[in-house]
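Chemist: Here is the input, now give the coordinates:
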Amino acid sequence: MTPELTVLAYAGLLQALQFTAYSVAANLQVGPKTAMGPRDTKIELTGTAGRLQRALNNHFEGLILFTLAVVVVVLGDRTTGLSAACASTYLGARVLYVPAYVFGLSPWRSLIWFVGFLATMLMLISALVF
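Modeler: Sure, this is the predicted structure:
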């Protein structure tokens, strides 16, 4: 398996960990009756639960682009040391992004996000150029 695919698998596991953390925090905030209910009315999570929810949603968005980049470099036979480094950088940024978001570390959260985004874009560009 290529390093890029390995990182993609780890990013999927990170997504599962984020989902678990968000679910636990949300259940603690709203209680089991609301959590297991039909959710006919929108529930606004606040504090840590809300930040975990937003970080999770952000990872879904970023993971779409990163997955696309991995597919392009792997199926296009464009894997290089640069694409592997970009993949690792993306994952490192995503790991750092969660606590930065949860603890409200501004502007670090945005800078960390940008590093991950830039790494993903560089993977795509490198597949087209190199």
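
Chemist: residue boundaries of the helices in the protein?
Modeler: 3-30, 32-35, 47-75, 81-102, 108-129 (DSSP state H).

Chemist: worst average pLDDT in the ones you listed?
Modeler: Ranked by mean pLDDT, those bottom out at helix 32-35, with a mean of 81.

Chemist: That one - contacts with which helices or strands?
Modeler: Helices and strands touching helix 32-35, by 3 or more C-beta pairs under 8 Å, 6 or more residues apart in numbering; DSSP states H and E: there are none. To be clear about C-beta, it is placed using only N, CA and C from the backbone, and glycine gets the same treatment.

Chemist: Show me the contact partners of it.
Modeler: With contacts defined as C-beta atoms under 8 Å, 6 or more residues apart in numbering, helix 32-35 is touched by 26-27, 43.

Chemist: returning to that earlier point: check the helices of the chain for me and report the most buried one.
Modeler: Of all these, helix 81-102 has the most neighbours on average by mean count of other C-beta atoms under 10 Å, namely a mean of 20.

Chemist: can you state the direction angle for that helix and helix 108-129?
Modeler: Interaxial angle of helix 81-102 relative to helix 108-129 (axes from the mean of the first three to the mean of the last three C-alpha atoms, to 10 degrees): 160 degrees.

Chemist: I'd like the numbering to begin with 198 instead of 1 from here.
Modeler: Got it, the first residue is 198 from now on, which makes the last one we talked about helix 278-299.
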